[in-house]
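Q: Quick one: sequence and predicted model below, then my questions.
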Amino acid sequence: MLLTRIKGPRDLDRLSQEELVQLAAEIRSFLVDAVSKTGGHLGPNLGVVELTIALHRVFESPKDKVLFDTGHQAYVHKLLTGRQDFAGLRTKGGLSGYPSRAESEHDVIENSHASTVLGWADGLAKANEVLGRADHHVAAVIGDGALTGGMAWEALNNIAAAKDRPLVIVVNDNERSYGPTIGGLANHLATLRTTDGYERFLARGKEILERTPVVGKPLFETLHGAKKGLKDFIAPQGMFEDLGLKYIGPIDGHDIEALESALQRAKRFSGPVIVHCLTQKGRGYTPALEHEADRFHAVGVIHPDTGLPVKTAAASWTSVFADEMVKIGHERPDVVGITAAMLHPVGLNKFAEAFPDRIYDVGIAEQHGATSAAGLATGGVHPVFAVYATFLNRAFDQVLMDVALHKCGVTFVLDRAGVTGDDGASHNGMWDMSILQVVPGLRLAAPRDAEQLRAQLREAVEVKDAPTVVRFSKGVVGPAVPAVGRIGGMDLLRAPAPEVTRPDVLLVSVGALAPMCLEIADLLDKQGISTTVVDPRWVKPVDEALAPLAEQHRVVVTVEDNGRTGGVGAAVSQALRDAGVDVPLRDFGIPQRFLDHALRKEILAEIGLTAPDIARQVTGLVAKLDGRFDSEPAAAVD
């Protein structure tokens, strides 16, 4: 096999064009076989095989910087830079699902949030200029979907201003992000795709005119001299060239020879160049091509021959939200949905099917989506903006200054909240409950089960004068956790024995960690420690009944699937201080560090967010209060 002979990018230089075509076929077979066993981003990588080969043939990584926006299309790049052991892909100790500086000197960006690559490229090109590195190049690959993000256009504005600063921008145009790309830019690129007859027109014209006596050749040269105007008429790429960017394309993104030729021309140019490549997401794999929703953008473990899941998935948090949104839509004609290019991943596809005139896909533009939602609310409707928890970070200013300041009734639904695991640091939704704590008037719900998700979503869309947030985890929704009572607005999940006059521990359980908190209470009970477990349901603002309840206990413990700094535990601590309640409090949550990819349960074990770990530390704390020091507490989670 040719693939096994590729230990680094320069090994590609020795291959003929025929061998490169064979290598591309081998890479596709490898990807289908490997990713079907582990899960991962399959469709995007199948679409960039030839493009990645051409990039590494033309550019000299790592001296030249080859950058990938988001990074979910970097598996081919990994294979060509010496990383062909995919057995542990996205698992603890195995390859990351994104570029990783720890893995290779060929990896530059590992952010895996979209629309940032052009900003990186701009900075790297400026650094080359400042340090006089004229022989260093920067090539940035960005998808047409990522070009819907505002950050990409902010960067283009700066890149275009430097006419003599070399930088190659490769637009990987497959008409999709997760699903089909939408918006004005998508329409423009579609025009470029469908009018790529310019070169064929000019070639045919040359053939005819050169056969014409006397005037043929001069007339062709006149036409060729008018190439710019003619090309603008036939293929209107003027949007890019009007910015000051040289444009090459469209290029067949699966023709290695054509790609190399275009990239070489772009590399030789002394300023910024856009190379527009047309690719096919899921190329070479029929099940992916037939999957209209997202062309196997990301898959779990599948049968490689059929593309069908190996295991039937149980009901997920996302599916519960999806079904309830449709029910609410039937009852409330004023409720509309918003997604940032992730209609299917966040579950709004069912709402879109039922109410096609009440769904808005804003592209990869969370900031615009939040402000547009404020406008919708001001106009008299109630928008529900569903987004991954980690991506709401990008729209914080809009949540604060556009939605909250104007007291707009907008509901943000945060999918994949807390530790998500195998996608790594950038996808853990561990920041939302911290950054949103500072937003005045905002109300934040953390449902513990499917029933509460349905109920709290309905409560959220009833709020008309403030932003509301409903957050839930990735994956399968757990069993129902019934309440045994209600204290203020909080659900009582476990009460101490009636004869206990002052219980030892008040355990504040946040969201989907309720089953674990009940397990903690059981473990404490075996140590003779009485425990009350409450679910606040709405963790912001802190329920007024919590402080008086805390005063009746000896210790308060909070457990949350969020960063400890500024999270629910910090908010509860402040509420107790404000109420003059002087009770020791221990907060358990996610440490403020970037977490490597692994299974969710492995990460929780690593950071000590498990029932035995927490119960052991709480036991030690109670022992200290009792004056018993025979039980040494474990190290704190920090």
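A: That came in fine, so what should we check first?

Q: which intervals of the stretch 501-638 of the chain have sub-threshold pLDDT?
A: Filtered on pLDDT under 70, the stretch 501-638 of the chain yields the residue ranges 628-638.

Q: do the same with the chain
A: 111, 176-239, 628-638.

Q: what's downstream of the longest strand along it, the next helix or strand?
A: When the chain is parsed with DSSP state E, its longest strand is strand 555-563. Next along the chain after strand 555-563, taking DSSP states H and E as the criterion, comes helix 568-578.

Q: what comes up buried for that following helix?
A: Buried residues in helix 568-578, counted by 16 or more other C-beta atoms under 10 Å: 568-573, 575-576. C-betas here are computed from N, CA, C, even on glycine.

Q: what does stretch 241-253 give?
A: Within stretch 241-253, judged by 16+ other C-beta under 10 Å, the buried ones are 241, 243, 245-253.

Q: Report the buried residues of stretch 372-386.
A: Applying 16+ other C-beta under 10 Å to stretch 372-386 flags 372-374, 376-377, 381-386 as buried.

Q: and the end-to-end length of that stretch?
A: End-to-end distance for stretch 372-386, by C-alpha to C-alpha, to the nearest Å: 13 Å.

Q: Can you give the distance of it from its chain's centre?
A: Centroid separation for stretch 372-386 versus its chain: 23 Å, with C-alpha atoms, centre = their mean, to the nearest Å.

Q: circling back to that earlier point, pipe the buried residues of stretch 372-386 into TSV and attach secondary structure and distance to residue 518 per row.
A: As requested, the buried residues of stretch 372-386 are exported to TSV (DSSP: H, G, I helix; E, B strand; the rest coil; distance: C-beta to C-beta, whole Å):
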residue	secondary structure	distance to residue 518
372	helix	41
373	helix	36
374	helix	39
376	helix	40
377	helix	38
381	coil	40
382	strand	34
383	strand	36
384	strand	31
385	strand	32
386	strand	29
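
Q: Give me the sheet partners of the longest strand of the chain and which way each runs.
A: strand 505-509 (parallel), strand 585-590 (parallel) (DSSP bridges).

Q: ranking these by burial, who's on top?
A: strand 505-509 (a mean of 26; mean count of other C-beta atoms under 10 Å).

Q: Return the set of buried residues in stretch 407-419.
A: Going by neighbour count (16+ other C-beta under 10 Å), the buried part of stretch 407-419 is 408-419.

Q: er, stretch 311-328 actually
A: For stretch 311-328, burial by neighbour count (16+ other C-beta under 10 Å) applies to 316-326, 328.

Q: circling back: and of the buried residues of helix 568-578, the nearest to residue 465?
A: Lowest distance from residue 465 to these (C-beta to C-beta) belongs to residue 571, with 21.2 Å.

Q: Next, the contact list for the closest one, please.
A: 437, 539-540, 542 (C-beta atoms under 8 Å, 6 or more residues apart in numbering).

Q: how does it look with 6 Å?
A: The contact partners of residue 571, taken as C-beta atoms under 6 Å, 6 or more residues apart in numbering, are 437, 542.

Q: State the distance from it to residue 448.
A: 18 Å (C-beta to C-beta, to the nearest Å).

Q: Tell me the one of the buried residues of stretch 372-386 nearest residue 428?
A: residue 386 (18.3 Å).

Q: Test of understanding: give the bridge partners of that closest one.
A: In this entry, residue 386 is beta-bridged to residue 339, residue 413, by DSSP bridges.

Q: Quick one: neighbours of residue 526, just the number.
A: Neighbour count of residue 526, defined by other C-beta atoms under 10 Å: 9.

Q: and the gap between it and residue 616?
A: According to C-beta to C-beta, residue 526 stands 12 Å off from residue 616.

Q: ditto for residue 276
A: In terms of C-beta to C-beta, residue 276 sits 59 Å off from residue 616.

Q: And the two? Which one has more around it.
A: Counted by other C-beta under 10 Å, residue 276 and residue 616 do not tie: residue 276 has more neighbours, with 24 against 20.

Q: ok, now which ones touch the more buried one?
A: 171, 249-250.

Q: Double-check that it belongs to a strand.
A: Yes: read with DSSP: H, G, I helix; E, B strand; the rest coil, residue 276 is one of the residues of a strand.

Q: Beta-bridge partners for it, please?
A: Counting by DSSP bridges, the residues bridging with residue 276 are residue 171.

Q: Which parts of the stretch 401-550 of the chain are strands?
A: 411-415, 443-445, 468-471, 485-487, 490-494, 505-509, 531-535, 538-540 (DSSP state E, counting those that start in this stretch).

Q: List the buried residues for the longest helix belonging to the chain?
A: Identified as the longest helix of the chain according to DSSP state H is helix 17-38. Judged by neighbour count (16+ other C-beta under 10 Å), helix 17-38 contains these buried residues: 20-21, 23-24, 26-28, 30-32, 34-36, 38.

Q: circling back to that earlier point, including distance to residue 425, could the contacts of residue 276 go into a markdown table?
A: Below are the contacts of residue 276 laid out as a markdown table (distance: C-beta to C-beta, whole Å):
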| residue | distance to residue 425 |
| --- | --- |
| 171 | 27 |
| 249 | 34 |
| 250 | 35 |
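
Q: Which member of those is positioned nearest residue 342?
A: Nearest to residue 342 among the contacts of residue 276, with distances taken as C-beta to C-beta, is residue 171, at 20.7 Å.

Q: Please tell me how far the closest one sits from residue 266.
A: Residue 171 is 12 Å from residue 266, by C-beta to C-beta.

Q: now the angle from the longest strand of the chain to strand 531-535?
A: With axes from the mean of the first three to the mean of the last three C-alpha atoms, to 10 degrees defining the directions, strand 555-563 sits at 40 degrees from strand 531-535.

Q: Run through who's touching strand 555-563.
A: 418, 430, 433-434, 505-510, 513, 517, 550, 567-569, 572, 583-590, 592, 618.

Q: again with stretch 351-370
A: With C-beta under 6 Å, 6+ apart, stretch 351-370 has contacts from 114-115, 146, 148-150, 182-183, 325-326, 329, 336-341, 343, 385, 391, 394-395, 398-399.

Q: Sort out for me which of these are in helices.
A: Among those, the members found in helices (DSSP H) are 150, 325-326, 329, 391, 398.

Q: And the furthest pair within those?
A: With C-beta to C-beta as the measure, no two of the ones in helices among the contacts of stretch 351-370 lie farther apart than 150 and 326, at 30.6 Å.

Q: picking up where we left off before, quick one: the strands paired with strand 555-563 as TSV, columns for distance to residue 475 too.
A: Shown next, in TSV, are the strands paired with strand 555-563 (distance: least, C-beta to C-beta, whole Å):
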stretch	distance to residue 475
strand 505-509	19
strand 585-590	17
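
Q: The ones you listed: which one's closest to residue 106?
A: That would be strand 585-590 among the strands paired with strand 555-563, by C-beta to C-beta, at 30.5 Å.

Q: Compute the inter-axis angle for the closest one and helix 568-578.
A: Angle of strand 585-590 versus helix 568-578, following the same axes, to 10 degrees, is 160 degrees.

Q: what about dumping the CA coordinates of strand 585-590 to CSV?
A: As requested, the backbone C-alpha atoms of strand 585-590 are provided in CSV (Å, rounded to 0.1, in the frame of the first residue of the first chain):
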residue,chain,number,x,y,z
LEU,A,585,-19.8,25.3,52.0
ARG,A,586,-17.9,23.0,49.6
ASP,A,587,-18.4,23.3,45.9
PHE,A,588,-17.7,20.4,43.5
GLY,A,589,-17.5,20.9,39.8
ILE,A,590,-15.1,21.0,36.8
